[in-house]
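A.B. asks: missing the sequence, but the structure's below:
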Ligand code: M6R
């Protein structure tokens, strides 16, 4: 059942501290606290290139993973959505690894992309939530998300546990490839182990986010902005809002606003800025100021440092705990899920089963 929650989606949002913890524990050595390298059918040190393919929300996991693998494991990564990848004529490299991300393990576009990469001789790894699913069965190695059954059509806990598995995999690759110091690896592993506790703190903003959802519910459009790994989370926030509240929303790389979409800004369009105080923060500050100067109403989602720096320049802010930037995309997913959820409830849509959508898309 819904464990006392009004919708499965809300129950699943609130399960995240638990299921992220379960997923991490499957990778962490209880004795040392280090991320244990999952046993892989290839040597990560010898992989020339990674290809990551998925659809919808799972594709945004692939986008975050690209930043992580490139920065931390110094590995070039191509990402694509299933329906494009399978018909592109990709030149594959010998010894390449292709990773497929899917909650259901049955998404046809992702499955056919997997078969395409397999025919091209790539090693196939998948990150799947449903055991015994087709994608799991056809992979050389499956890394499971331990999210438990996800009933709401809008993906929430599957998304954050997919990010969690990716983060563990990135650390394992970085160690095998010698691209990370022991100290930094220990720091990142600790930051990851602390995500469940930090996620529980983030969820305490539920009431504040519910209050802001009233504003979004009255809007026709909304924009989500972020840079670096917050950019895919901006795309995820926009997808979630569209999917369940039927409000038009777009996610943009904050630096891309000035190349066109800033002309959309007026006081009727809420702009949700995802801005952890990381190396790119000052860049995001200028982007937010550009929006504010055009009477855009900004909701800033940041940490104490970010809110201290920018809070007076924006209309609303939500202060999340300060974390290592590496794990920020996992935590910044939660407020955008809650915002979409409460907006949909305010609009009275069918949150768990939005119109025109199926939980698992098994047609092309
Ligand atoms: O089961 P999958 O992870 O392969 O599903 C992929 C997408 O269809 C799915 O993530 C979809 O985008 C969600 N409904 C978004 O919330």
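C.D. replies: Received it, and whenever you're ready, just let me know what you need. Just so it is clear, the model here is predicted, and its values are computed rather than measured.
A.B. asks: Model confidence for the residue in the stretch 201-350 of the chain that the ligand sits nearest to, exactly?
C.D. replies: Among the residues of the stretch 201-350 of the chain, residue 243 lies closest to the ligand, at 5.4 Å counting by C-beta to the nearest ligand atom. From N, CA and C alone the C-beta is placed, and that goes for glycine too. We have a pLDDT of 97 for residue 243.
A.B. asks: How about residue 264?
C.D. replies: 89.
A.B. asks: how many neighbours does it have?
C.D. replies: Look at residue 264: counted by other C-beta atoms under 10 Å, it has 16 neighbours.
A.B. asks: close enough to count as contact, it and residue 222?
C.D. replies: No. Counting by C-beta atoms under 8 Å, residue 264 stays clear of residue 222, with 10.3 Å between them.
A.B. asks: Identify the residue of this structure closest to the ligand, quick one.
C.D. replies: Scanning the chain for proximity to the ligand using C-beta to the nearest ligand atom identifies residue 56 as nearest, at 1.9 Å.
A.B. asks: one step back: wait, doesn't the residue of the stretch 201-350 of the chain closest to the ligand sit right on residue 354?
C.D. replies: Yes. At 5.6 Å, residue 243 and residue 354 qualify as touching, with contact defined as C-beta under 8 Å.
A.B. asks: Could you pull out the residues contacting both of those two?
C.D. replies: Taking C-beta atoms under 8 Å, 6 or more residues apart in numbering as the contact rule, residue 243 and residue 354 both touch 153-154.
A.B. asks: Neighbour count for the two, which is higher?
C.D. replies: A count of neighbours by other C-beta under 10 Å puts residue 243 above the other of residue 243 and residue 354, at 22 against 18.
A.B. asks: Distance-wise, check the more buried one relative to residue 19.
C.D. replies: Noted for residue 243: a distance of 21 Å to residue 19, by C-beta to C-beta, to the nearest Å.
A.B. asks: likewise residue 254?
C.D. replies: Summarising the geometry, the distance separating residue 254 from residue 19, computed by C-beta to C-beta, is 30 Å.
A.B. asks: ok, is stretch 4-17 in contact with the ligand or not?
C.D. replies: No. Stretch 4-17 does not reach the ligand (C-beta under 6 Å from any ligand atom); its nearest approach is 9.5 Å.
A.B. asks: what's the average pLDDT for that stretch?
C.D. replies: Model confidence over stretch 4-17 averages 97 on the pLDDT scale.
A.B. asks: How about residues contacting that stretch?
C.D. replies: By C-beta under 8 Å, 6+ apart, the list of residues contacting stretch 4-17 reads 2-3, 147-148, 150-152, 154, 156-157, 160-161, 196-197, 199-200, 203, 244, 334, 337-338, 341, 345, 351-352.
A.B. asks: Name all residues that make contact with the closest residue to residue 345 other than its chain neighbours.
C.D. replies: Nearest residue to residue 345 in three dimensions, chain neighbours excluded: residue 351, at 6.3 Å (C-beta to C-beta, 6 or more residues apart in numbering). Counting by C-beta under 8 Å, 6+ apart, residue 351 touches 7, 9, 152, 154, 244, 341, 344-345.
A.B. asks: Just name the closest of those residues to residue 61, please.
C.D. replies: Nearest to residue 61 among those, counting by C-beta to C-beta, is residue 154 at 14.7 Å.
A.B. asks: Pull the number of nearby residues for that closest one.
C.D. replies: The burial count for residue 154: 29, using other C-beta under 10 Å.
A.B. asks: And for the one 5 residues further on?
C.D. replies: Residue neighbour count, defined by other C-beta under 10 Å, stands at 28 for residue 159.
A.B. asks: ok, which stretches of the protein are helices?
C.D. replies: In the chain, the segments counted as helices under DSSP state H are 8-14, 16-25, 57-73, 82-85, 108-119, 134-137, 157-177, 182-193, 195-203, 206-217, 230-245, 281-292, 304-310, 328-347.
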